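Asker: need the 3D shape of this:
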Amino acid sequence: MASGAAALNAAAAVAVFAVLVMSSQGHPKTGPLCSDCGSLCDTNCTAYIASSCRQYCDPPSGCQDCKNQVLQGCQDCCSKGTCSCDCNGTVEDACRRACEPRYTSCEACRFGISQTCYPTCNSDCNNNCVKKDHGC
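Answerer: Modelled structure (predicted):
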């Protein structure tokens, strides 16, 4: 577990640095504007967290299969007039558990990466940024 966290922290640092280098295109030899560090880090870390935690935060793969099966069964039943025709409600109720993201794992992933990404990004950005001249 510790080596996984270390690898994740290293990956976050590399990703943040790469994004900062790419974001400095307006100032290719000097870096991003210091006033942009907060928004750059927010955008970059939010995207990095979403991508890195997708396996925990997206609905499980069986969700769509469940919805398709229950919807087909409901539509068949409804066409015969032998059950309620609230198929959307039936699908939501029947597949609730199959479609729930793993909230605990999702939040732990988001929190863990954010604890590294934001401080690292802000530090790297502030160490490589350019203050805007008053004449510009």
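
Asker: host element of the residue nearest the centre of the chain?
Answerer: What sits nearest the mean C-alpha location of the chain, by Cα atoms, centre = their mean, is A50, with 1.1 Å. Element membership for A50, per DSSP states H and E: helix 37-52.

Asker: which strands or helices does that helix pack on?
Answerer: The contact analysis (3 or more Cβ pairs under 8 Å, 6 or more residues apart in numbering; DSSP states H and E) places helix 37-52 against helix 2-23, helix 103-128. In short, each C-beta sits where N, CA and C put it, glycine included.

Asker: got the domain ranges for this protein?
Answerer: 1-58+102-136, 60-100 (automatic domain parsing).

Asker: and those domains, which one is worst for confidence?
Answerer: Note on those: lowest mean pLDDT is at domain 1-58+102-136, with a mean of 76.

Asker: skipping adjacent residues, who's closest to the residue nearest to the centre of the chain in space?
Answerer: C57 (7.6 Å; Cβ to Cβ, 6 or more residues apart in numbering).

Asker: any idea how far the one you found is from S35?
Answerer: Look at C57 and S35: by Cβ to Cβ, to the nearest Å, they are 31 Å apart.

Asker: again, but for D65
Answerer: 48 Å.

Asker: count the neighbours of K67 for me.
Answerer: A total of 18 residues lie near K67 under the criterion other Cβ atoms under 10 Å.

Asker: and I49, by the same measure?
Answerer: 20.
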